[in-house]
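Colleague: The following block contains a protein sequence and its predicted model.
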Amino acid sequence: METSTAVPTATLLNKRFRFAAAIAATTAVLVSTPSASASTATDTYPKPVVTDVQTLATFDFTAGDSPENLTVNPDNSLTVSMLGSVAGKRPALVRIAPSGRSQVIVTGQPGDTFTGNTRDRDGTIYYNVASSDSSRAGIWKLPPGGTPRRIAALSTDGLPNGLALDRAGHTLYAADSNKATVWSVPVSGGTATAWLTDPALAGAPSVPLGANGLRLHKGAVWVSNLAKGTLLRIPVTATGAPGRIHTVTSSLTGVDDFNFLNDRSDVVFAAQNGLNQVALVHPDGTTETVLTSKDGLASPTSTAVRGNRLYVTNAGLAEPHDAKVQRGTIDPAALNCGRTS
C-alpha cells in the first residue's frame, strides 16, 4: 500500500539535476590539488582520445525530449530514453537512425520518466519507468513488433536508473538511485529482488541520489555512484549472489552513466553530468578527461561505444537546453598510449 510520504518521481529527477549543477559549482575546490593521473596527462596523452565530435541528432528540451540513456543496436541505430518529466512532458523511447533521423517508438504518461534501457538479442527492448503511479513504476518490456508491458513493479519512492541484461539473457539488473539498491528481475517477469543493498550505493547528505549507471561486464555488475563520484565493480558469484564490492575509482565527480570500450576491455567512458565532461577510466583506476563543453557537451548523461565510435547523450539541462546526441571517433593509438587497456 502506498503512503503519503512517497516523493514524486519528477521531484526526485529535478533534485538530481540541481545536484549536478551544485557539483559543478564545487569543482574548483575538488580539482585544486591535481590527481596523479591529471598531473601526467600532458605527457601521457599527446593526442586526443576522441576526435571528430559531431551532433548526430538534436531535440526539443521544452517538449520533454531530454536524452537520458542509450543502447546501440546491431544496425548501428540507437535506442534513446527521453526523460520527459524535466520539462513536464511525456517521456519516450526514440530510435535514431545512423543518418540522424529519429522516430518515437514508445510514449509514456505525463509525470513519468524513462531512464535506463537495454536490448536483448532478439530485439526486445527493456526500459525503466520511474513514476508516482504504482501501476506504472517498474521495468517494462517492448518485444519487436509488439506493445509495451510491465514485467516487474518497483516502488514509487525509488528511482530506477541504469539497466542492464546479463550475457545469458536471463536476468535484468537495475540501479535504484534513491534506495542504495541494485534490483534483479527475470526477463520472463516477476517480483523484483534486492540483489544488493549497500552503503557504497547510497547517496550523501548534500547529494541524496547514489547508484546511477549500471553495466554487466566480464562477470560483474558495475555501478556508478553520483553522490560519491565512484565506479564500483561487484562480481556475480557462482550462486548468482553479489561478491565483494571493489572501488575502481573515486575520481568521477558528478558521474552519470558509463560504458566500456568493448566486451574484452575494462577501459570505461563515463559521462560526468555535473562537470560537463566525459572521462576515460583506465583499469588501474586512473582517469583522464577526454571531452568537455568545448566539444559541445551539454549535461552528458550516458555513453555507448560501437567499434571506434563513441556516442554521448546530452540532456541539455542548463540554458540554452542544447539537448542532443553526439558521435565521435576513438583514436586507438591515443587510447593505448602508455597504459594498459
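Modeller: Sure thing, it's come through.
Colleague: Return the distance of Gly203 relative to Val255.
Modeller: 13 Å (Cβ to Cβ, to the nearest Å). The way it works is simple: take the backbone N, C-alpha and C, and place the C-beta from them, glycine included.
Colleague: Settle it for me: which of these two has more neighbours?
Modeller: Neighbour count, other Cβ atoms under 10 Å: between Gly203 and Val255, Val255 has more, with 28 against 21.
Colleague: residue contacts, that one?
Modeller: 212-213, 224-226, 229-231, 270-274, 279 (Cβ atoms under 8 Å, 6 or more residues apart in numbering).
Colleague: Give me the buried entries from those.
Modeller: 212-213, 224-226, 229-231, 270-274, 279 (16 or more other Cβ atoms under 10 Å).
Colleague: Show me which of the residues you listed has the smallest pLDDT value.
Modeller: Lowest pLDDT within the buried ones among the contacts of Val255 is found at Gly274 (86).
Colleague: wait, that residue sits on Gly254?
Modeller: Yes: Gly274 lies in contact with Gly254 (Cβ atoms under 8 Å); the separation is 2.2 Å.
Colleague: rewinding a little: filter the contacts of Val255 down to just the ones in helices.
Modeller: Among the contacts of Val255, DSSP state H puts none in helices.
Colleague: Adding distance to Thr147, write these out as CSV.
Modeller: Below are those laid out as CSV (distance: Cβ to Cβ, whole Å):
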residue, distance to Thr147
Asn212, 29
Gly213, 28
Ser224, 32
Asn225, 35
Leu226, 33
Gly229, 40
Thr230, 38
Leu231, 36
Ala270, 34
Ala271, 31
Gln272, 36
Asn273, 32
Gly274, 37
Ala279, 39
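Colleague: how long is stretch 249-269 from one end to the other?
Modeller: 13 Å (Cα to Cα, to the nearest Å).
Colleague: How far away from the center of its chain is it?
Modeller: From the chain centre to the centre of stretch 249-269 is a distance of 10 Å (Cα atoms, centre = their mean, to the nearest Å).
Colleague: and the most centrally placed residue in the chain, what element?
Modeller: Centroid-nearest residue in the chain, with Cα atoms, centre = their mean: Asp257, separated by 2.5 Å. Element membership for Asp257 (DSSP states H and E) is strand 255-260.
Colleague: go on, Lys179?
Modeller: Using DSSP H and E, Lys179 falls outside every helix and strand.
Colleague: for the residue nearest to it when sequence neighbours are not counted, helix, strand, or coil?
Modeller: Nearest non-adjacent residue to Lys179, counting by Cβ to Cβ, 6 or more residues apart in numbering: Gly158, 4.9 Å away. Of the three states, Gly158 takes coil according to DSSP: H, G, I helix; E, B strand; the rest coil.
Colleague: what's the distance between Gly158 and Ala175?
Modeller: Applying Cβ to Cβ to Gly158 and Ala175 gives a distance of 10 Å.
Colleague: which stretches of this structure have low pLDDT?
Modeller: Counting by pLDDT under 70, the chain contains low-confidence ranges at 1-46, 336-341.
Colleague: so the host helix or strand of Asn69 versus strand 255-260, what angle?
Modeller: Per DSSP H and E, Asn69 falls inside strand 67-72. Put simply, strand 67-72 runs at 10 degrees to strand 255-260, going by axes from the mean of the first three to the mean of the last three Cα atoms, to 10 degrees.
Colleague: Distance from strand 67-72 to the middle of the chain?
Modeller: 8 Å.
Colleague: For that strand, which outside residues touch it?
Modeller: Contacts for strand 67-72 (Cβ under 8 Å, 6+ apart): 59, 78-83, 113-119, 125, 162-163, 257, 301-302, 304-306, 311, 313-316, 323-325.
Colleague: thinking again about what came up before, the residue nearest to Lys179: neighbour count?
Modeller: Using other Cβ under 10 Å: Gly158 sits among 23 other residues.
Colleague: can you check Leu275 too?
Modeller: 24.
Colleague: Was I right to think it contacts Thr253?
Modeller: Yes: Leu275 is in contact with Thr253 according to Cβ under 8 Å; the separation is 5.9 Å.
Colleague: on that earlier part again, okay, and which of the contacts of strand 67-72 map to strands?
Modeller: 78-82, 113-119, 125, 162-163, 257, 301-302, 304-306, 311, 313-314, 324-325 (DSSP state E).
Colleague: Could you pick out the buried ones from these?
Modeller: 78-82, 113-119, 125, 162-163, 257, 301-302, 304-305, 311, 313-314, 324-325.
Colleague: Enumerate every residue touching Val325.
Modeller: Applying Cβ under 8 Å, 6+ apart, the residues near Val325 are 55-57, 59, 67, 70, 78, 80, 96, 311-314.
Colleague: for Ser81, which residues make a bridge with it?
Modeller: Applying DSSP bridges to Ser81 gives these bridge partners: Asn69, Leu93.
Colleague: Can you report how many residues lie near Trp90?
Modeller: Small correction: residue 90 is Arg, not Trp. 19.
Colleague: In this structure it contacts Gly84, no?
Modeller: Yes: the criterion here is Cβ under 8 Å, and Arg90 meets it with Gly84 at 5.1 Å.
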